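Trainee: let me see the structure of the following:
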Amino acid sequence: MSRLTKKKKEALTKYDVEKHYPLNEATEIIKNIANTNFDSTVDIAIRLNVNPTKANEMVRGNVSLPHGLGKDVTVLVLCTPDKEEEAKAAGADHVGLDDYIEKIRGGWTDIDSIITMPSIMGKIGALGKVLGPRGLMPNPKTGTVTLEVGKAVTAIKAGKIDFKVDKTGIIHAAVGKASFDLDKLTENANELIQTIIKLKPAVTKGIYIKSLSISSTMSTSVKVDTKTL
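Mentor: Sure, this is the predicted structure:
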């Protein structure tokens, strides 16, 4: 059994771990207990009443956070030569094709997002074992497989994030930094939550969001009252 650190023990005195708080209150608590030597990332974990192994219950999509993520997002664009200038002009960090495919095949994944074109997906499919576990595989449903590569780069750089329910039925996603103003952090979190609510599968009956918690890097988590959403 792991022992609580001094910082975590102190954090636990500032709120009731069994209580479910409204989203804005939970977010404020996380801001108050974020105690690291760097600007902590704030994350949300949402447990859904779905079976991800069934195609009609898979929940995935993307959302543009109104206040961004508060970090520089590294974007790789895998495209044909005629699209390279468009990608670079939009701010892509890496642009190319075969050379980068070889780098990825060798294990390189020092990027946050990959954008590509429909005609390129045949080459990228073989990289699934490397990209899949890291959540980097491009997908038309998230807008990362498109002919408008410049537009896609701009959206991701501005705070667009992809999300997908994992095999345990949970969606994990970052919604900003602990240094954000409370209102901005709450608005980012709410934007993600409302987007996920809109994606509720038609076959899902009863409670859709089973539980929701918010935390920051290395902090304890705070439970959110889903009835307030």
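
Trainee: apart from its neighbours in sequence, what residue is nearest residue 68?
Mentor: Residue nearest to residue 68 in three dimensions, not counting chain neighbours: residue 159, with 3.4 Å by C-beta to C-beta, 6 or more residues apart in numbering. Every residue, glycine included, has its C-beta placed from N, CA and C.

Trainee: may I ask which helix or strand of the chain has the lowest mean pLDDT?
Mentor: Sorting the helices and strands of the chain by mean pLDDT, DSSP states H and E puts helix 6-12 at the bottom, at a mean of 73.

Trainee: on that earlier part again, looks like the residue nearest to residue 68 contacts residue 72 (just checking).
Mentor: No. If you go by C-beta atoms under 8 Å, residue 159 and residue 72 don't touch, sitting 11.5 Å apart.

Trainee: out of those two, which sits in the busier spot?
Mentor: Set residue 159 next to residue 72 and count neighbours by other C-beta atoms under 10 Å: residue 159 wins out with 20 against 10.

Trainee: got a list of what that one touches?
Mentor: 64, 65, 66, 67, 68, 69 (C-beta atoms under 8 Å, 6 or more residues apart in numbering).

Trainee: with these in mind, which one is nearest to residue 135?
Mentor: Residue 135 has its nearest neighbour among the contacts of residue 159 in residue 69, at 14.6 Å by C-beta to C-beta.

Trainee: show me which positions of whichever strand or helix holds residue 214 end up buried.
Mentor: Secondary structure from DSSP states H and E places residue 214 in strand 209-216. Neighbour-count burial for strand 209-216, counted by 16 or more other C-beta atoms under 10 Å, picks out 209, 212, 213, 214, 215, 216.

Trainee: same for the longest helix belonging to the chain, what does it pack against?
Mentor: As assigned by DSSP state H, the longest helix anywhere in the chain is helix 182-198. Contacts defined by 3 or more C-beta pairs under 8 Å, 6 or more residues apart in numbering; DSSP states H and E place helix 182-198 against helix 23-33, strand 41-48, strand 60-64, strand 160-164, strand 170-177, strand 209-216.
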